[in-house]
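Asker: Just need the structure, nothing else, for what follows:
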Amino acid sequence: MKSVFDRLWQKYFGKSRGKHAAILQKEDHATRLADVQRRIGIYLHALWGCDFAIKSFEGKKSEGNRPYVKKRIIHLPVFCCDFTLGGVTHITGLENYRAAFAHAAAHIMYTKHPFPAEAIDQWQKAMIATVEDARVETLSIRRFPGLKQLWQRQHTATPLQKDSAGDYLNRLARALLDETYRDDDPWICLGRELFSSVDNLESNKISLDIGLALAHAFSDKKIKFNPRSDTLSAPYRDDNRCLWELADTDAIKAQDLPTAFFHSKLLLGNNEFSGKDENRKPGTDKKPLNQGSLPKTYIYPEWDFRSQTETPSWVTLRETAARSGDLRVVDNIVAQNGHLISRMKNLLHAIQYSGVRRIRKLEEGDEIDINAAIRSFIDIRQGVQPDPRIMMRSVRKTRDISVLVLLDLSNSTNQRINGQEQTVLELARQICVLFAEVIETVGDPFAIHGFCSKSRHNVEYFRFKDFGQPYDDVPKAKIAGMTGQRATRMGAAVRHATYYLNQQPSGKKLLMFITDGEPDDVDVQGRQYLRQDAKMAVKDAGRRGIHTYCIGLDPDADQYVSQIFGARNYIVLDHVKCLPEKMLRIYAALSH
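Answerer: Residues are numbered from 1 along each chain as shown. Sure thing, here's the model as predicted:
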């Protein structure tokens, strides 16, 4: 009996056996979905205890040839060919169907919430999808260990494949699934370490944050990503379109606080978990990674003044570990400005301990309230029960304020100030050191942060000193090591600083912004867009009880700084000698 290949070859090609015959030979070794669909359905029902909707497609250009999940329906091609290695059948079409169905079902079971796609580029999406594939497969393998062998056999990447971004994607996918696979590339090791250090995999927010961190770390390899060619080679993997459809942007927009897409012990260093891992064995808990190894990622909205609407989930901000510098830089600033520091301390101490507030209507106090005593005598003469609260107490007024100094660390800060030898960055560092030395003395909680940006997808945020952190050699070294680079996306940085100030219990909160130029970024044309967004961010901070004040280091900063911060909420400072009086004025206004 002739095979399908023989019949088609005789009908269409006669005695010609060229490349067309090879194509038909391939079809002869394919498995039809119609022939195995019922068996696969029973297979999945036995695993998950429920039925899955299954549809076939013919590999149209609009859909591609890879399996996919759409509206919780699993779509696979009409034919599934055998997977061969070196001319030997490695995986049959039936096994490929089973692997694809099981993987797609794992997405349906464990990918509960789609990711917000608005602020994520194509490379970040590919990385997030790779980690999410590993997450749902790991959860499935914990319930059904036999699935591991079914999936693992289709990953054939090796460390020798290192020419494209797709090669690294495939190596990472194999490394996250197969613990016996050896790959010493630092980036692969980082991905493996981050993924294996997560105690709980129930939330897909883990995939988002690890994926964004790995996408950011991959930039050191200087390899460009091609969305069309750099794809996963394992034939059972779907195209992951289900991860991005129907993202609930309204829910994200309604949140008052930024969305930190990672709530495990790995990043936050606490015990917040989205669920309990029932299959975790005793004694297998891993220690959290050093927080400096993985940048926290936040998604922020941005104001579009042209449409007068806020675009949700538009800007991606990452907290990047600040590099340490030479401590002698800070020591020299303190030594050279000792007289200024002493003067500023005296001024702030005068503000701190000046003024007295009287608390009246007390039954016990330090002295008699004459007015209250007279009213009591009048009540007695009139035969009315007098108010016994005729004492008062004097209480010295103290400041209850938290301060966050936010530095613009864009590339323009490397330029020299007109008529001076020092750069803008050096002046900003001087101001930070003087602020820190003085505020540390009077005991006010304070933090020093900085930022720079390179498009809305990459706003970097540095925390040189945090609230509650001692002002010792660690923050001093970070202040000494800060550098100027990239651009100035001001609005996102103000929103993130607001997030940290909101966590402080102080009655008064001050955001001190230091910049040498107006907002600017590589993906924005025109001045008004980022100006208006920064203005809206400052307004939002004001609604939350945060007073924002700007120190401009650009002599021509008046026009745009006043537009963003308000006519009375900024000063233009071009020399550190002017700092004591300016600083006293700001604190005096906010301390009473």
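
Asker: now the nearest residue to Val474 once chain neighbours are set aside: how far from Arg429?
Answerer: Nearest non-adjacent residue to Val474, counting by C-beta to C-beta, 6 or more residues apart in numbering: Ser324, 7.9 Å away. In this view, the C-beta of every residue, glycine as well, is placed from N, C-alpha and C. Here the criterion is C-beta to C-beta, to the nearest Å. By it, Ser324 lies 14 Å from Arg429.

Asker: who's more crowded, the two?
Answerer: Arg429 (22 against 16; other C-beta atoms under 10 Å).

Asker: contacting residues for Asn204?
Answerer: Asn204 makes contact with 110-113, 115, 132, 135, according to C-beta atoms under 8 Å, 6 or more residues apart in numbering.

Asker: same thing but 7 Å
Answerer: Under the criterion of C-beta atoms under 7 Å, 6 or more residues apart in numbering, the neighbours of Asn204 are 111-113, 132, 135.

Asker: And for Ser376?
Answerer: Applying C-beta under 7 Å, 6+ apart to Ser376 gives the contacts 386-387, 390.

Asker: and the strand or helix carrying Gln37, what other elements does it pack with?
Answerer: Remark: Gln37 resides in helix 33-48, with elements defined by DSSP states H and E. Using 3 or more C-beta pairs under 7 Å, 6 or more residues apart in numbering; DSSP states H and E, the elements in contact with helix 33-48 are strand 53-57, helix 93-110.

Asker: With just CA atoms, put that helix into PDB.
Answerer: Extracted C-alpha coordinates of helix 33-48, given in PDB (Å, rounded to 0.1, in the frame of the first residue of the first chain):
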ATOM      1  CA  LEU A  33      -4.500  17.300  15.100                       C
ATOM      2  CA  ALA A  34      -7.900  15.800  14.100                       C
ATOM      3  CA  ASP A  35      -6.500  12.400  14.700                       C
ATOM      4  CA  VAL A  36      -5.200  13.000  18.200                       C
ATOM      5  CA  GLN A  37      -7.400  15.800  19.500                       C
ATOM      6  CA  ARG A  38      -9.700  13.500  21.500                       C
ATOM      7  CA  ARG A  39      -6.700  11.700  23.100                       C
ATOM      8  CA  ILE A  40      -5.100  15.000  24.000                       C
ATOM      9  CA  GLY A  41      -8.300  16.300  25.500                       C
ATOM     10  CA  ILE A  42      -8.500  13.200  27.700                       C
ATOM     11  CA  TYR A  43      -4.900  13.700  28.600                       C
ATOM     12  CA  LEU A  44      -5.400  17.300  29.800                       C
ATOM     13  CA  HIS A  45      -8.600  16.400  31.600                       C
ATOM     14  CA  ALA A  46      -6.800  13.700  33.500                       C
ATOM     15  CA  LEU A  47      -4.100  16.200  34.600                       C
ATOM     16  CA  TRP A  48      -6.100  19.300  35.500                       C
END
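
Asker: now that helix against helix 93-110, angle please.
Answerer: Following axes from the mean of the first three to the mean of the last three C-alpha atoms, to 10 degrees, one obtains 40 degrees for the angle between helix 33-48 and helix 93-110.

Asker: and helix 33-48, how far from the chain's centre?
Answerer: Taking C-alpha atoms, centre = their mean, to the nearest Å, one finds helix 33-48 lying 40 Å from the centre of the chain it belongs to.

Asker: Residue for residue, what is the longest strand the chain has?
Answerer: In the chain, taking DSSP state E as the definition, the longest strand is strand 309-319.

Asker: so what does that strand touch, helix or strand wise?
Answerer: Counting contacts by 3+ C-beta pairs under 7 Å, 6+ apart, strand 309-319 is packed against helix 249-253, strand 297-304, strand 459-465, helix 490-502.

Asker: These into CSV, with extra columns for distance to Ala104, mean pLDDT and mean neighbour count?
Answerer: Shown next, in CSV, are the helices and strands packed on strand 309-319 (distance: least, C-beta to C-beta, whole Å; pLDDT from 0 to 100; neighbours: other C-beta atoms under 10 Å):
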stretch, distance to Ala104, mean pLDDT, mean neighbour count
helix 249-253, 25, 36, 13
strand 297-304, 27, 90, 22
strand 459-465, 35, 95, 23
helix 490-502, 36, 96, 24
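
Asker: re earlier: need the residues that contact the helix holding Gln37.
Answerer: Counting by C-beta under 7 Å, 6+ apart, 51-52, 54, 56, 76, 78, 80, 94, 97-98, 101, 105, 109, 144 sit against helix 33-48.

Asker: from the residues you listed, which two are the most distant?
Answerer: The most widely separated members of those are Val78 and Phe144, with 27.2 Å between them, by C-beta to C-beta.

Asker: Now the buried members of the contacts of helix 33-48.
Answerer: With burial judged by 16 or more other C-beta atoms under 10 Å, the buried subset of the contacts of helix 33-48 is 52, 54, 76, 80, 97-98, 101, 105, 109.

Asker: By neighbour count, which bits of the helix or strand where Ala126 lies are buried? Give me those.
Answerer: Using DSSP H and E, Ala126 sits in helix 122-143. Within helix 122-143, the residues that qualify as buried are 123-141, counting by 16+ other C-beta under 10 Å.

Asker: and it, average pLDDT?
Answerer: Taken as a whole, helix 122-143 has a mean pLDDT of 92.

Asker: what is the orientation angle of that helix with helix 93-110?
Answerer: With the same axes, to 10 degrees applied, the angle from helix 122-143 to helix 93-110 works out at 100 degrees.

Asker: start to end distance for stretch 154-171?
Answerer: End-to-end distance for stretch 154-171: 12 Å, by C-alpha to C-alpha, to the nearest Å.

Asker: correction: stretch 458-477
Answerer: 25 Å.

Asker: same deal with stretch 196-208?
Answerer: By C-alpha to C-alpha, the extent of stretch 196-208 from end to end equals 15 Å.

Asker: ok, now stretch 347-361?
Answerer: Distance across stretch 347-361, first residue to last, is 34 Å (C-alpha to C-alpha).

Asker: Count residues in the vicinity of the nearest residue to Val572 once chain neighbours are set aside, would you?
Answerer: The shortest distance from Val572 to any non-neighbouring residue, by C-beta to C-beta, 6+ apart, is to Gly552 (4.5 Å). Residues lying near Gly552 (other C-beta under 10 Å) number 24.

Asker: same deal with Ser219?
Answerer: Residues within reach of Ser219, counting by other C-beta under 10 Å, total 10.

Asker: Show the backbone phi and psi for it.
Answerer: The phi and psi values for Ser219, taken as degrees, to the nearest 10, are phi -60, psi -20.

Asker: can you check Ile74 too?
Answerer: The phi/psi pair for Ile74 (degrees, to the nearest 10) reads phi -90, psi 120.

Asker: Skipping adjacent residues, who's closest to it in space?
Answerer: Ala104 (4.4 Å).

Asker: separation between Gly526 and Thr488?
Answerer: For Gly526, the distance to Thr488 equals 15 Å [C-beta to C-beta].

Asker: Phe225 belongs to a strand, doesn't it?
Answerer: No. Remark: Phe225 does not belong to a strand; assigned using DSSP: H, G, I helix; E, B strand; the rest coil, it is coil.

Asker: From Arg66, how far out is the residue nearest to Ile74?
Answerer: Noted for Ala104: a distance of 11 Å to Arg66, by C-beta to C-beta.
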